[in-house]
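S.K.: Have a look; sequence and predicted model below, questions after that.
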Amino acid sequence: MNIKDTIDKSRLPQHVAIIMDGNGRWAKERGKLRVFGHKNGVAAVRDTVEGAVEIGIKYLTLYAFSTENWNRPKLEVSALMELLVNTINKETKTLMDNGVKLNAIGDLKQLPPKCHKQLHEAMNKTAGNSNSTLTLALSYSARWEITEAARQLANQVQLGLINPGDIDENLFAQHLTMPDIPDPELLIRTSGEQRISNYLLWQLAYSELYFTDKMWPEFRRNDLFEAVYAYQKRERRFGRTSEQLVP
Ligand code: IPE
Ligand code: IPE
Ligand code: MG
């Protein structure tokens with residue numbers, strides 16, 4: 001049976017977050033430069049987005065570039081930024097064809113102006129799409145995001161708009177970068193690494209973590225389906241006991 005047919009459509013995760021990792025190693029194994037791996041990662045992004053729409057996942061959030069990635073060699077950083085501009089440009093059609101709305105989180109001001117512009121154009125163009133939302137985490141780090149939220153709330157207190165006692169988890173979450181998107185039920189990381197690397201620290205509090213040895217350039221929709229299937233086999237207890245979950 002096809003892996004897609006084993007998925008229970010009534011219990012899909014609404015939001016899947018992915019750490020797309022392993023491009024550099026994949027290229028190196030083939031005697032190529034790291035950038036070759038990044039270029040080949042684009043097909044994986046396209047197929048994964050289409051796969052998510054195909055089974056009805058509403059939100060997909062991809063870690064494309066972390067704050068820490070700015071510390072990579074200059075040549076790799078500029079190649080990645082160039083690739084980003086070209087990809088957003090070329091793939092806007094894929095997003096339109098699939099009814100996908102593009103969103104971006106992170107310290108976007110740090111991106112080169114051309115990138116920034118391309119990103120905003122694609123976001124405006126796809127703003128009316130409603131099949132699913134693709135969020136790219138760019139120049140993103142979760143500690144940056146949480147610090148920004150704390151700063152915004154402190155400002156509001158200083159201006160007398162809120163009291164410190166008004167700050168609860170809900171208000172705090174509203175000041176994070178995805179206030180209207182539910183937390184990811186499932187996090188996937190490729191390449192065999194088993195760490196979070198400063199991704200969505202707040203939102204992943206109760207996510208199911210799924211690690212695969214597959215390198216990102218080789219990841220395809222069937223790998224996404226396999227991860228969703230594995231997710232559906234898990235028991236999510238949220239601190240309760242198994243017995244309490246039986247309806
Ligand atoms: C993920 O692949 C892409 C980015 C972080 C931009 P890597 O470039 O981290 O590849 P590896 O992990 O070094 O193989
Ligand atoms: C995390 O991957 C960031 C992205 C996938 C964009 P890294 O390859 O940068 O993470 P570390 O350095 O292995 O933790
Ligand atoms: Mg990596």
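M.R.: Yep, it's here. Numbering: from 1, shown residues only. Ligands and ions are numbered 1, 2, ... in the order given.
S.K.: any idea how far the closest residue to ligand 2 within the chain lies from I146?
M.R.: Using CB to the nearest ligand atom, the closest approach of the chain to ligand 2 is made by S197 at 3.7 Å. (Glycine included, C-beta is placed from N, CA and C.) S197 is 15 Å from I146, where distance means CB to CB, to the nearest Å.
S.K.: Same question for I55.
M.R.: The spacing between I55 and I146, counted by CB to CB, is 31 Å.
S.K.: so, in contact with ligand 2 or not, stretch 210-230?
M.R.: No - using CB under 6 Å from any ligand atom, we find that stretch 210-230 stays clear of ligand 2, coming within 7.9 Å at best.
S.K.: Please identify the buried residues of that stretch?
M.R.: 210-212, 214-219, 221, 223-228 (16 or more other CB atoms under 10 Å).
S.K.: and if you look at stretch 63-81?
M.R.: Y63, A64, F65, S66, T67, N69, A79, L80, M81.
S.K.: L138 falls within a helix, correct?
M.R.: No - using DSSP: H, G, I helix; E, B strand; the rest coil, the assignment for L138 is strand, not a helix.
S.K.: Now do the contacts for the residue lying closest to it once chain neighbours are set aside.
M.R.: Excluding its sequence neighbours, the residue lying closest to L138 (CB to CB, 6 or more residues apart in numbering) is G106, at 4.4 Å. Applying CB atoms under 8 Å, 6 or more residues apart in numbering to G106 gives the contacts F65, T67, A137, L138, S139, Y140, S141, W144, T177.
S.K.: any chance of those in CSV, with pLDDT and distance to P73 too?
M.R.: Shown next, in CSV, are these (pLDDT from 0 to 100; distance: CB to CB, whole Å):
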residue, pLDDT, distance to P73
F65, 98, 14
T67, 98, 16
A137, 98, 21
L138, 98, 19
S139, 98, 17
Y140, 98, 20
S141, 98, 19
W144, 98, 22
T177, 98, 28
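S.K.: Reformat those residues as TSV; add distance to V16.
M.R.: As requested, the contacts of G106 are exported to TSV (distance: CB to CB, whole Å):
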residue	distance to V16
F65	19
T67	22
A137	13
L138	18
S139	22
Y140	17
S141	20
W144	22
T177	17
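S.K.: Now list the buried members of those residues.
M.R.: Listed as buried from these are F65, T67, A137, L138, S139, Y140, S141, W144, T177; burial here means 16+ other CB under 10 Å.
S.K.: Which entries in those are shared with the contacts of ligand 1?
M.R.: Applying CB under 6 Å from any ligand atom to these, those adjacent to ligand 1 are F65.
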